[in-house]
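Q: here is a sequence together with a model predicted from it:
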Amino acid sequence: MLTPVENFPALLHEKEQQKSLIIADLHLGWETNLIRKGVHIPSQTSKTLHKLIQLIDKTTPDSVIILGDIKHTVAKAELSEWQDIPKFFETLKGKIADIQIIRGNHDGNIAPLLPPTIQIHPSTGITLNTIGLFHGHTWPAQKLLKCRTLIMGHVHPTITFRDASGFYIATPVWIKAEYDNAKLAAAFIKSKYTKKSTQKIKRFLKKPKNNQLIIMPCFNDFLGGRPINRKAKGRKYVGPILRSEVIDIDEAEVYLLEGTFLGTIKQLKGIG
Ligand SMILES: [Mn+2]
């Protein structure tokens, strides 16, 4: 069973008494990027940690799985990240033993910052029963094609509203889209053609199935996102799955973190 945790950008997966908490896009250390621009904001890492601990206390999971972008700076680790990130995970480890990380595009050199007991998986993802978990900036691994549900981060979806007096409100949202498994397999073959993988994938092409893709809201409260209802003309969606047009993004459903269904992306376009 897969359920969103009310008022949190998190999913809880339960099977045979095993509970896994799934979150995405921590972007720890984003504040340091502003220092170069002359803006000094005290580290916000402890607030993100506090929120995660609150969430763990509420849901009592056996494991935590983070779908990438633990840190914010892409290639190397900034000095403050060398202090903040190890501290973050040492505290988290005291709360929960099983912590698993799927690498995001911001997670170059993340390993030395983490306690050795934390498992690091490639960005192409892992499977959890019938669910596939990956970051989203690259194609998922071939084994994820057989999953009924795919869950990714990377996009940081938000929705913006503008009222009559010109005020803007932006809020993080969930996106749930249906996709045809056969179309996804076809796009996968086109993107990374190898004879070996094609043989194995061909059976997916014969069995079109309606599966679902869930795009997770960003866990970090302070970071903005991409307003999905304000896509500028000519600007492409992020990540190869959304760009492949396997997913009819206009028909994707949008939900607030407290659970309210807002409408499809097509219906929400133009209100921001
Ligand atoms: Mn990312």
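A: That came through, no problem.

Q: so the closest residue to the ion within the stretch 101-250 of the chain, which state does it fall into?
A: The nearest approach of the stretch 101-250 of the chain to the ion comes at H154, 3.8 Å away (Cβ to the ion). Where C-beta positions appear, they are placed from N, C-alpha and C, glycine not excepted. When classified by DSSP: H, G, I helix; E, B strand; the rest coil, H154 comes out as coil.

Q: that one reaches R103, doesn't it?
A: No - look at H154 against R103 with Cβ atoms under 8 Å: they stay out of range, at 11.3 Å.

Q: more crowded one of the two?
A: Between H154 and R103, counted using other Cβ atoms under 10 Å, the more crowded position is H154 (27 against 24).

Q: now the more buried one: closest residue in space, sequence neighbours ignored.
A: Of all residues beyond its chain neighbours, the one nearest H154 is G136 (3.3 Å), with distances taken as Cβ to Cβ, 6 or more residues apart in numbering.

Q: which ones are touching the one you found?
A: Applying Cβ atoms under 8 Å, 6 or more residues apart in numbering, we find G136 in contact with L67, G68, M152, G153, H154, V155, I215, V238, G239, I241.

Q: ok, now which ones touch the residue nearest to R226 when sequence neighbours are not counted?
A: Spatially, and ignoring its direct neighbours in sequence, R226 is nearest to H156 (5.7 Å; Cβ to Cβ, 6+ apart). For H156, the contacting residues are D25, P172, P217, C218, L223, G224, G225, R226, by Cβ under 8 Å, 6+ apart.

Q: show me the helices in the chain, by range?
A: Using DSSP state H, the helices of the chain run over residues 32-35, 45-59, 79-95, 181-191, 195-206, 240-243, 265-268.
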